[in-house]
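>>> with the sequence up front, the predicted model follows.
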Amino acid sequence: MVDYKCFDCEKKVGLEYIKKKVRCPYCGSKMLYKQRTVSTKVKAV
């Protein structure tokens, strides 16, 4: 299951809620992001 996180209050928002509305149910913010499970390292050349 993919969880999204609110950019303002940083609470987790479930995917089933995102399908209905694109707002945080806690603070009403429209800024949500998907957390990465694996960190990616990029090496400059």
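Received, thanks.
>>> tell me what the helix or strand bottoming out on mean pLDDT in the chain is packed against?
Within the chain, no helix or strand scores below helix 15-18, which has a mean of 77 by mean pLDDT, DSSP states H and E. If you count contacts as 3 or more C-beta pairs under 8 Å, 6 or more residues apart in numbering; DSSP states H and E, helix 15-18 packs onto strand 3-6. The way it works is simple: take the backbone N, C-alpha and C, and place the C-beta from them, glycine included.
>>> ok, back up a step: buried residues in the least confident helix or strand of the chain?
By neighbour count with 16 or more other C-beta atoms under 10 Å, helix 15-18 contains the buried residues I18.
>>> any idea which helix or strand comes after that helix?
Per DSSP states H and E, the first helix or strand lying C-terminal to helix 15-18 is strand 32-34.
>>> give the pairing partners of that next one; include direction for each.
Its sheet considered, strand 32-34 pairs with strand 3-6 (antiparallel) by DSSP bridges.
>>> ok, and what's touching stretch 15-29?
Applying C-beta atoms under 8 Å, 6 or more residues apart in numbering, the external contacts of stretch 15-29 come out as 1-4, 6-9, 11, 13, 30-32.
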